[in-house]
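Visitor: Predicted model and sequence follow; I will ask about them next.
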Amino acid sequence: MGDKTLTVRRANQGATQPKPEQESILQHAQQQIALQRPILQPQGVPTKVVCLTQALNVDDLRDDEEYEVIVEDMRQEDGKYGALVNVVIPRPNPSGEPAPGVGKVFLEYTDLEGAKKAQAAMNGRKFGGNQVIGVFYRENKFALGSMRANHIICSEDIKSS
């Protein structure tokens, strides 16, 4: 080609390096995803207790009449999947202090089959504008009245059992 030079460059469409301030945001987002991954994976070891997370807004639970309607709705809807022993919906403290389990619905079934059906049917479903995540919950912790997030059973528990 004579004295002309042809320069070839690889195109990097949208593959620029993140700026330092974007890098910290990206790291934070990845950490949050890693922390939530176990909670968002509903395929844990089945138990008779199903926990519906992100099911309710705190404001919906403050009014006594509205609370009773919600409990009855949950009992009717989730009773379709099997015989319910108990429906527990924790309420916010009147003092405004955080209370464990607020916003979640705990469904205790008489057998595993009912719990499995409910978890499969309710996971990903919308309730009051919220997308519900249905997960299995430790029966012994439920029996003790413990409503903490770290008692949710996830796929990580299968490996450590």
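Guide: Looks like it came in fine.

Visitor: ok, which stretches of this structure are helices?
Guide: Taking DSSP state H as the test, the helices found in the chain are 20-40, 64-78, 112-122, 139-143, 155-160.

Visitor: What are the buried residues along the third one?
Guide: Burial within helix 112-122, assessed by neighbour count using 16 or more other C-beta atoms under 10 Å, is assigned to 114-119, 122. (Glycine included, C-beta is placed from N, CA and C.)

Visitor: Go through the helices of the chain and find the least confident stretch.
Guide: Of all the helices of the chain, helix 155-160 carries the lowest average pLDDT, namely a mean of 36.

Visitor: Distance to residue 58 added to the buried residues of helix 112-122, as TSV?
Guide: Shown next, in TSV, are the buried residues of helix 112-122 (distance: C-beta to C-beta, whole Å):
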residue	distance to residue 58
114	28
115	26
116	29
117	28
118	23
119	24
122	20
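
Visitor: if we take these, which one ends up nearest to residue 103?
Guide: residue 122 (14.7 Å; C-beta to C-beta).

Visitor: quick one: contacts for the residue nearest to that closest one when sequence neighbours are not counted?
Guide: Distances taken as C-beta to C-beta, 6 or more residues apart in numbering place residue 134 nearest to residue 122, at 4.1 Å, with adjacent residues excluded. Residue 134 makes contacts with 42, 50-53, 118-125, as judged by C-beta atoms under 8 Å, 6 or more residues apart in numbering.

Visitor: any chance of those in JSON lines, plus distance to residue 64?
Guide: Below are these laid out as JSON lines (distance: C-beta to C-beta, whole Å):
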{"residue": "42", "distance to residue 64": "31"}
{"residue": "50", "distance to residue 64": "25"}
{"residue": "51", "distance to residue 64": "23"}
{"residue": "52", "distance to residue 64": "21"}
{"residue": "53", "distance to residue 64": "23"}
{"residue": "118", "distance to residue 64": "26"}
{"residue": "119", "distance to residue 64": "29"}
{"residue": "120", "distance to residue 64": "32"}
{"residue": "121", "distance to residue 64": "29"}
{"residue": "122", "distance to residue 64": "25"}
{"residue": "123", "distance to residue 64": "29"}
{"residue": "124", "distance to residue 64": "30"}
{"residue": "125", "distance to residue 64": "26"}
